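[1] kindly generate the corresponding structure for this input.
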Amino acid sequence: MKIEFNATKRDGQGTGASRRLRHTGNIPGILYGNAVAPQSLSMDHNEMFQLLRKEAFHASVLTINVEGAKELCLLRDVQRHPYRPVVLHLDFQRVDASKVLHKKIPLHFINGDIAPGVKAQGGLVSHVMNEVEVKCLPADLPAFITVDLKDMVAGHSLHTSELNLPKGVEVVHHHGISDSVVASITIKGGKSTEDDAEAAAAAAAAAAATPVTTGKAAAPAAAAGGKAAPAAAAKAPAKK
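    The predicted structure follows:
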């Protein structure tokens, strides 16, 4: 999906200049990267506001038209007003078509309602990740990645290694984790079948390790002769 938008060069700098620009219905922004000097920009607020509502605008290689000069770029940052529907500033990074880039891509989950773990076992789908960081050439960057849950059963998880990635696209891992969980199906009540099995195994192991005793302790053997200690004497009869 090709997305192109317009921008003009901006000379004014500082908070005051940006405020005046917003009062005219435009947004300040910047375009940087590729060992080229950063360029301050001005963009139409309404046009950019509508584009920002599209998921693909956040996860695609964009074409920016700066006064007739077109360049490829990625949206890197959006500053919004804390409570008003107003965009304050946009950051774009230039893209080199011959270099690998890193970008977070949204995940689209399908067939969760017909998964055996949901339809037959009454489980609930848990989306552990809603986006995943990938690396690829700009031409190979997908707008989203589809995650099909039709074969998932309760107690099992889907990992990043099982994602159906487009050609040339690889998942980026961080913090030493090589295969992150993307989604899982748990039984209603908060425990999966794997959790129940582990709990049952732990209970069985604990029971096997506990010695079996009767209701009353056996009387200790006599120190000498090996005979059992005599039973306690009966109570004396009550006086008449």
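
[2] give me the number of residues near A115?
    Applying other C-beta atoms under 10 Å, we find 22 residues neighbouring A115. To be clear about C-beta, it is placed using only N, CA and C from the backbone, and glycine gets the same treatment.

[3] touching, it and S184? I think so.
    No: applying C-beta atoms under 8 Å, one finds A115 not in contact with S184, separated by 10.9 Å.

[4] now do the shared contacts for those two.
    Any residue near both A115 and S184 by C-beta atoms under 8 Å, 6 or more residues apart in numbering counts here, and that gives 125, 152.

[5] how near is V169 to V128?
    In this structure, V169 and V128 are 20 Å apart, going by C-beta to C-beta, to the nearest Å.

[6] okay, the two: which has more neighbours?
    Remark: of V169 and V128, V169 carries more neighbours, 17 against 12, as counted by other C-beta under 10 Å.

[7] quick check: phi and psi on the more buried one?
    Note on V169: its backbone torsions stand at phi -110, psi 130 [degrees, to the nearest 10].

[8] what's near enough to touch it?
    Shown in contact with V169 (C-beta under 8 Å, 6+ apart): 134-136, 140-142.

[9] so how far is D148 from it?
    17 Å.

[10] I110: neighbour count?
    11.

[11] in contact with the closest residue to it other than its chain neighbours, which residues?
    Spatially, and ignoring its direct neighbours in sequence, I110 is nearest to D148 (5.6 Å; C-beta to C-beta, 6 or more residues apart in numbering). Counting by C-beta under 8 Å, 6+ apart, D148 makes contact with 110-111, 164.

[12] and those, which of them are in strands?
    Applying DSSP state E to the contacts of D148, the entries found in strands are I110.

[13] no more questions from me, cheers.
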